[in-house]
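# let's see this in three dimensions:
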Amino acid sequence: MDIDIRTALPAEFGALGDLTARAYLDDGLLDFGESDAYLHELRDVAKRAAAAEVLVAVDGERVLGGVTFVPGPGPMADIARPGEAEIRMLAVGRAGRGRGTGEALVRACVERARGTGGRTAVVLSTQSTMHAAHRIYARLGFVRTPERDWSPLPETADITLLTYQLTL
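Numbers count the residues shown, from 1 in each chain. Okay, here's the model as predicted:
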């Protein structure tokens, strides 16, 4: 079956939020499991959609994955500078894995960035253990930008997010 990528509908926010949280939990990407504060952010698709564009991958009516496309600096941007778009919270559920869902979502973000006036690059942050995502980024021409790596937590926490950039 075909995978369609489009803007998430409000009726899909709950399913996408649950899928995103479950993907991060199942992949061991949240240090504190169900009590991780970031889990609330992952589930709050409505908040993301109010400040950025949330894309969803669907097979018929089934939500397979999603991503947040941030067209530039603003409330949803972590690292985007002027002229840069940002990709955030890429997640693919089990039913969408191995089908090109993640790559299709990233490609859709790149195309949106190209269609947004004045964008010269797409940037993103990722955890070091997100190997499948790293392969997608490399395949699509993203390069590591270690000088922009950062930690979302206080210095007492041992987490560094790796950064990537695609020059448009």
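
# mean pLDDT per helix and strand in this structure: which one sits at the bottom?
For the chain, counting by mean pLDDT, DSSP states H and E, helix 38-43 ranks last in confidence among helices and strands (a mean of 88).

# which residues are contacting that helix?
With contact meaning Cβ atoms under 8 Å, 6 or more residues apart in numbering, helix 38-43 is reached by 17, 18, 20, 21, 24, 25, 30, 47, 89, 91, 152. All C-beta spots, glycine's among them, are computed from the backbone N, C-alpha and C.

# what's the distance between the first one and residue 141?
Using Cβ to Cβ, to the nearest Å, residue 17 is found at 30 Å from residue 141.

# and what of the fourth one?
The span separating residue 21 from residue 141 equals 30 Å under the rule Cβ to Cβ.

# of the two, who's got more company?
Set residue 21 next to residue 141 and count neighbours by other Cβ atoms under 10 Å: residue 21 wins out with 21 against 13.

# measure how buried residue 44 is and give me the count.
Counted with other Cβ under 10 Å, residue 44 comes out at 15.
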